[in-house]
Structures are given as C-alpha cells and as structure tokens.
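# sequence first, then the predicted structure:
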Amino acid sequence: MRLVDRAKKRQRILKAAVRVFARHGFYVSRVSQIAQAAGVADGTIYLYFRNKDDILISIFEDRIDALCALVEKETASLDDPAQRLRRIVDLQLGTVRKHRDLAEVVSINLRQSNRFLKQYAAPKFNRYLDLIAGVVADGQRRGVFRSDVSPRVFACAMFGALDGLTLTWVIGKSAPERLARAAEGAATILIEGIRKRPAPAPRRERKGGRT
C-alpha cells in the first residue's frame, strides 16, 4: 500500500473513532464499532494502532500537531507578544468551536485512558507548551511581561485554563458564540496578569512634612 493511501486510511479511522467515542464514550466503545464506522475490517485497525488507547492518544497527538502548525503560521506576522498570546487563545478555542465531537473526545474521553494518564510521555504536547512559553520569554526580554513569571508555568496554566473552559462548554452543550466570548475574557485575564506595569511615581512630600 502506498504511503499516501495508508495516511488517508489512518485519518479515516481516526475520524470514525472521534464520532464513535463522542457518541458512546471511550470505555463503552469497541474497536469493531470504529472499524464499522470507518468502513474497514476489524483487523485493519490493528495494522495502524495497537489498541483503543493508542487510537485515543493518536487523536490527541494529531490535534496538537495541527494546532502547533496553525499557531506557528498565524502568529509569524505578529510582532507584539501580547497579540501573539491572544491569537493563540483564539486558535485553541477556535478549533474547539469548529469541532465539538473532537473537543468532547479530547476534554472528556482522554481523561478516561489509564495509559494516557500514567504512561504518556507527551513530546508533542510539550512542543505546544514550548510555543506558548517562547512567546512569554520573548515578551519578558522586550519588557512587555513581568520577569518574575515562569514561562513554562504560565504555558501550563494557560493550557489548563482553556482546557477547563472547553470542558465546561462541552458539558453545558453551550452555543459556539458563548465559547468565543469566553476566549476574549480568558485572553484578557491571562495577558493582563503577566503584563509589566510601570513603576509608580514617588510620592511627593507636602508642606509640613506630611505626604
């Protein structure tokens, strides 16, 4: 089988898995259901993935890969670090708004995988955190962001905050517009929390020795 055909079939299986996991939940779903939804034989699934956990983690990794590529493309022309962070927030939650089933799988089903929680090394996830941390570090060098903030800790906090908004949105079955408004508020809170403020002017003494 050609590499192109193999890649297409892999994507077909993953898209089918997203639909099955979103509809039935990770624990209840069976590999045979994914195979049927993808239009392939049960045994074909195992030519691409070791087991159901491997399929779930591959969904997450593909999402992170796509998000990293999108962030790098969309922020390349932005000079202001604060604008770049705001754009990243919009891109992460924008992906969620466009693909509710995928958001449900990543925000809910992924937490049900023991392998992901205990064994996943997260190299691709670290790449996304590094992108965020790199923007913060650049902002610190340019005097935009406070120097006492750890870029890595901020990146983890930012992802966690946005993941929490996604989870609330999915569980609440809210309209996409609500998540869009939440993205604007979250970006403001995150950015303003680390923005460097000018030092306060010294207080002048009034006549009589009082300030």
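That came in fine, so what should we check first?
# is it correct that R195 is in contact with S147?
No. With contact defined as Cβ atoms under 8 Å, R195 and S147 do not form a contacting pair (12.0 Å). For glycine as for every other residue, the C-beta is placed from the backbone atoms N, C-alpha and C.
# the two: which has the busier surroundings?
More crowded of R195 and S147, by other Cβ atoms under 10 Å: R195, with 13 against 10.
# where does that one fall, phi/psi-wise?
phi -70, psi 140 (degrees, to the nearest 10).
# quickly list what it is bridged to.
Note on R195: beta-bridge partners F145, judged by DSSP bridges.
# who's in contact with it?
Taking Cβ atoms under 8 Å, 6 or more residues apart in numbering, we find R195 in contact with A82, V144, F145, R146.
# relative to R86, how far out is the last one?
What that stands for is R146. Computed as Cβ to Cβ, to the nearest Å, the R146 to R86 distance reads 17 Å.
# looking at those two, which is more packed in?
Remark: of R146 and R86, R86 carries more neighbours, 20 against 15, as counted by other Cβ under 10 Å.
# that one reaches I191, doesn't it?
Yes. Applying Cβ under 8 Å, one finds R86 in contact with I191, separated by 6.4 Å.
# who are the contact partners of A137?
For A137, the contacting residues are P151, by Cβ under 8 Å, 6+ apart.
# next, the buried residues of stretch 72-83.
Of the residues in stretch 72-83, T75, P81, A82 count as buried by neighbour count, 16 or more other Cβ atoms under 10 Å.
# any idea which helix or strand comes after the longest helix belonging to the chain?
Counting residues, the longest helix in the chain under DSSP state H turns out to be helix 52-75. Per DSSP states H and E, the first helix or strand lying C-terminal to helix 52-75 is helix 81-98.
# may I see the buried residues of that next one?
Counting neighbours by 16+ other Cβ under 10 Å, one finds that the buried residues in helix 81-98 are 81-82, 84-97.
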